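J.: compute the structure for the input listed below.
(2 chains)
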Amino acid sequence: MEPVRYDDRQKIVRLSTEIVTARRKRNWRKYIYCGLLLFPLVALIFGFFVIPMLYILYLSFIETKGETNAFYSIGNYVHFFTDSYYLHSLWLTIKISLYTVVVSLLLGYPVALTMAKCSPRVRGLLTLLVASPLLISVVVRNFGWYLLLLPNGTVHQLLISLGITTSPPKLLFSEIGVVIGLSNAYLPFMILSIATSLYNIDPSLEKAAAILGAGPLRSFWSVTLPLSLPGIVSGVVLVFSMSMSAYVTPALMGGANVPMLPVVAYDQIINLLRWTYGSAISYILLGITLIMVTIFTRMMEKGRYREVFR
Amino acid sequence: MSILRRLRLLLAIISLIYILIPLVVTIPASLTSANYPSFPPKGFSLQWYTKLLERPEFAEAFWNSVKFAFLASLFSVLLGTLGALAIAKYDIPWKSYLVSLLTAPLTVPQLVLGIALLIYFTPILLAGTPTGFLIAHIIICVPYVVRFVLTGLSGFDYNLERAAAILGASPVLVFWKVTFPLIRPAVLSGALFSFLTSFDNVTVSLFMVSPEMRTLPLEIFSTMQDAYSPIVASVSSVVILISIVLILILEKIHGVGKLLGSTH
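T.: Below is the predicted model of the structure:
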């Protein structure tokens, strides 16, 4: 082979630098395209989501005294945690959310199980029936329950004719009404999360349990239920956090009798115009929900069935 | 076995009734001839539908809802699709953080979002304006579009785009003939989903409205709070029927369950 001559070598160097710069140019162009495509979306989310959220966080640390006097303090938070009215409202919110979670779990699991066990066609139909109410306004769904829960209405009559009670409790504008409204609104989320985890269970596991002599109840208790825990956990987290911050249903089904925290926050912001305090309530609501959800998830993931979560 | 199975079926049917019954009772209740809402309805008449036509605020609110839902879904689809295309195609540093940021509005309660936007909009004079209302609705719709389109692009083979480009197609033609047809179901369902999300929204809208600009769910909400009248039943029935049509279209395009499964 002939040795490469000096000017050839130079040519090679020149050509390769050209290729590199051309590539770099194309990369550069790529970044511009990418930036142009992404910029409007990122700007929108930053300008109208991230900044407003940070702004009310900042406001929540401002205390106002009178018209002009404003200073930095944690006074809003102190006020919340020392006033029994707000503490009671927080407790009520947590209690109703927990009831809602229990009701949707108990009502949701059998549907999810049925969806996992039936033929694909029935599964499609069931999914449609379960999921489509989510796309109909919650106001409309609450009105339906309002009709059913009226004094001497259908549910009252049903309770009496079934012999469960002779003097039915107040359903509308009470905690029961709110739990019914919320669990009706969020049940589909619970069902869909549990169903997703049930679909992922290997059917041969249940066969194996049957071969080893487990009856259907035992196989459900030791195989299906533990393996569906990830779905249960995500459903519980979803339903709990949505119930904690729901405004429309407590306002319509509970009214003034059930002052849950979102209703109180709305009142502070819209009617009393106490923006700094309302901002603090928003972050307290977010923080407490986050803490409770994290503790619950950690407990489940470190619990007896921790392998299921991997 | 069969007893257990029957028990499971019975419980499942009870919960399905529990989910669907509020929608089922509303339509007969709207045909009542009484002056108060009740179920079962008393008598039969269409008077609450004719009364609905006599109340122009409901028709106006309906058109407001349609208008804003259309604009919100249009902008969400445009911004969301372009953004998702960029995220899926290019190597972006901290990509997963970017996706979490763009879908974060779904994880913040709508109540808190409404409060934040109202407080933020007031000094910059957007509170109570149509623009502010529209921006708020785009913020709650656009994360869905981003998720749907990213899911739609997850198995996309970029060699198809390259092949089209080598064969001489301009970038616009490549997008129109190769990329878009493949993500069309995701984009269409994003559009319909955004429309319904915006059309149904109450919580965020409550903080964004002014007396002159109201949407249908808000009108129902305030009528329900002030005076319970069977007119709520007739408006609700109209909303239910419209929603059912849109849901069936969505089911044909993509499957409602699949969509909600991919969002939660």
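J.: count the neighbours of residue 252 for me.
T.: Using chain A here. By other Cβ atoms under 10 Å in any protein chain shown, the residues close to A:Leu252 number 24. Quick note: C-beta positions are derived from backbone N, CA and C, even for glycine.
J.: could you do chain B instead?
T.: The local packing of B:Lys252 (other Cβ under 10 Å) involves 9 other residues.
J.: part of a strand, is A:Glu63?
T.: Yes: checked against DSSP: H, G, I helix; E, B strand; the rest coil, A:Glu63 lies within a strand.
J.: show the contacting residues for it.
T.: For A:Glu63, the contacting residues are A:Ala70, A:Phe71, A:Tyr72, A:Ser73, A:Gly75, A:Asn76, A:Thr276, by Cβ atoms under 8 Å, 6 or more residues apart in numbering or on different chains.
J.: tell me the mean pLDDT over the one helix or strand the second one maps to?
T.: Yep, that's A:Phe71 we're talking about. Remark: A:Phe71 resides in strand A:69-72, with elements defined by DSSP states H and E. Confidence over strand A:69-72 (mean pLDDT, whole number) is 77.
J.: residue in the stretch 1-150 of chain A nearest to chain B?
T.: Per Cβ to the nearest Cβ, the residue of the stretch 1-150 of chain A with the smallest distance to chain B is A:Gly144, at 2.4 Å.
J.: what residue in chain B comes nearest to chain A?
T.: Proximity to chain A, evaluated over chain B using Cβ to the nearest Cβ, is greatest for B:Pro22 at 2.4 Å.
J.: and that residue, its phi and psi?
T.: Phi and psi for B:Pro22, reported as degrees, to the nearest 10, are phi -60, psi -30.
J.: for chain B, give me its nearest residue in the stretch 151-300 of chain A.
T.: Counting by Cβ to the nearest Cβ, the stretch 151-300 of chain A gets nearest to chain B through A:Ser245 (3.2 Å).
J.: what about the spatially closest residue to that residue that is not a sequence neighbour, how many residues close to it?
T.: Closest residue to A:Ser245 in three dimensions, ignoring its sequence neighbours and counting by Cβ to Cβ, 6 or more residues apart in numbering or on different chains: B:Pro109, at 3.2 Å. Neighbour count for B:Pro109, taken as other Cβ under 10 Å: 20.
J.: tell me the contacts of B:Pro109?
T.: Applying Cβ under 8 Å, 6+ apart, we find B:Pro109 in contact with A:Ser241, A:Met242, A:Met244, A:Ser245, A:Pro262, A:Leu285, A:Leu286, A:Thr289.
J.: buried sites along stretch A:169-176?
T.: Of all the residues in stretch A:169-176, those buried under the rule 16 or more other Cβ atoms under 10 Å in any protein chain shown are A:Leu171, A:Leu172, A:Phe173, A:Ser174, A:Glu175, A:Ile176.
J.: list of residues touching that stretch?
T.: Defining contact as Cβ under 8 Å, 6+ apart, one finds that stretch A:169-176 is touched by A:92, A:95-96, A:99, A:146, A:149-151, A:155-156, A:177, A:180, A:253-258.
J.: repeat the analysis, applying 7 Å as the threshold.
T.: With Cβ atoms under 7 Å, 6 or more residues apart in numbering or on different chains as the contact definition, stretch A:169-176 has outside contacts at A:Ile96, A:Tyr146, A:Leu149, A:Leu150, A:Val155, A:Gly177, A:Met253, A:Gly254, A:Gly255, A:Asn257, A:Val258.
J.: and stretch A:235-248, by the same measure?
T.: With Cβ under 7 Å, 6+ apart as the test, stretch A:235-248 has contacts from A:93, A:96-97, A:100-101, A:104-105, A:108, A:138-139, A:182, A:186, A:189-190, A:193-194, A:262-263, A:266, A:285, A:289, A:293, A:296-297, B:109, B:111-112, B:202-203, B:221, B:264.
J.: the stretch 101-250 of chain B against chain A: which residues are in contact?
T.: Within the stretch 101-250 of chain B, the positions adjacent to chain A are B:101-102, B:104-105, B:108-109, B:111-112, B:115-120, B:135, B:138-139, B:142, B:196, B:200, B:202-203, B:217, B:220-221, B:224, B:232, B:236, B:239-240, B:243, B:247 by Cβ under 7 Å from any Cβ of the partner chain.
J.: buried among those? Need that as a selection in ChimeraX.
T.: A single ChimeraX command selects the buried members of these (16+ other Cβ under 10 Å):
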select /B:101,102,105,108,109,111,112,115,116,117,118,119,120,135,138,139,142,196,200,202,203,217,220,221,224,232,236,239,240,243,247
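J.: which of the residues of the stretch 101-250 of chain B next to chain A fall in helices?
T.: Per DSSP state H, helices hold the following members of those: B:101-102, B:111-112, B:115-120, B:135, B:138-139, B:142, B:196, B:200, B:203, B:217, B:220-221, B:224, B:232, B:236, B:239-240, B:243, B:247.
J.: for chain B, which helix or strand comes out least confident on mean pLDDT?
T.: When the helices and strands of chain B are scored by mean pLDDT, DSSP states H and E, helix B:256-263 comes last with a mean of 63.
J.: returning to that earlier point: so which of the contacts of stretch A:169-176 sit within helices?
T.: Per DSSP H, the subset of these in helices is A:Ile96, A:Tyr146, A:Leu149, A:Val155, A:Gly177.
J.: tell me which two in those are the farthest apart.
T.: A:Ile96 and A:Val155 (18.6 Å; Cβ to Cβ).
J.: more crowded one of the two?
T.: Neighbours of A:Ile96 and A:Val155, each counted by other Cβ under 10 Å, are more numerous for A:Ile96; the result is 25 against 20.
J.: wait, that one sits on A:Gly177?
T.: No: distance between A:Ile96 and A:Gly177: 10.4 Å, which falls outside the contact criterion (Cβ atoms under 7 Å).
J.: follow-up on the earlier one: just the ones in helices among the contacts of stretch A:169-176 that are near chain B?
T.: Judged by Cβ under 7 Å from any Cβ, the overlap between these and the neighbourhood of chain B is nil.
J.: hmm, back to that, tabulate the buried residues of stretch A:169-176 (a markdown table), appending secondary structure and pLDDT.
T.: Compiled in a markdown table, the buried residues of stretch A:169-176 are given as follows (DSSP: H, G, I helix; E, B strand; the rest coil; pLDDT from 0 to 100):
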| residue | secondary structure | pLDDT |
| --- | --- | --- |
| A:Leu171 | coil | 83 |
| A:Leu172 | coil | 85 |
| A:Phe173 | coil | 89 |
| A:Ser174 | coil | 90 |
| A:Glu175 | helix | 92 |
| A:Ile176 | helix | 92 |
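J.: how about these in CSV, adding distance to A:Tyr199?
T.: Output for the buried residues of stretch A:169-176, formatted as CSV (distance: Cβ to Cβ, whole Å):
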residue, distance to A:Tyr199
A:Leu171, 36
A:Leu172, 38
A:Phe173, 40
A:Ser174, 38
A:Glu175, 35
A:Ile176, 34
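J.: widest-spaced pair of the residues you listed?
T.: A:Leu172 and A:Glu175 (11.1 Å).
J.: that older thread, what's the ChimeraX line that selects buried ones from the contacts of stretch A:235-248?
T.: Applying 16+ other Cβ under 10 Å to the contacts of stretch A:235-248 leaves a buried subset, and the ChimeraX line that selects it is:
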select /A:93,96,97,100,101,104,105,108,138,139,182,186,189,190,193,194,262,263,266,285,289,293 /B:109,111,112,202,203,221,264
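J.: narrow the contacts of stretch A:235-248 to those in strands?
T.: When the contacts of stretch A:235-248 are checked against strands (DSSP state E), there are no matches.
J.: low-confidence stretches in chain A?
T.: Under the criterion of pLDDT under 70, the regions of chain A flagged as low confidence span A:1-6, A:26, A:66-68.
J.: quick check: which element contains the residue most central in space within chain A?
T.: When chain A is reduced to its mean C-alpha position, the closest residue under Cα atoms, centre = their mean turns out to be A:Leu238, at 3.3 Å. A:Leu238 is part of helix A:229-244, with elements assigned from DSSP H and E.
J.: and that helix, how far out from the chain middle?
T.: Here the centre of mass of C-alpha atoms in helix A:229-244, compared against the chain's by Cα atoms, centre = their mean, to the nearest Å, lies 7 Å away.
J.: right, I'll leave it there.
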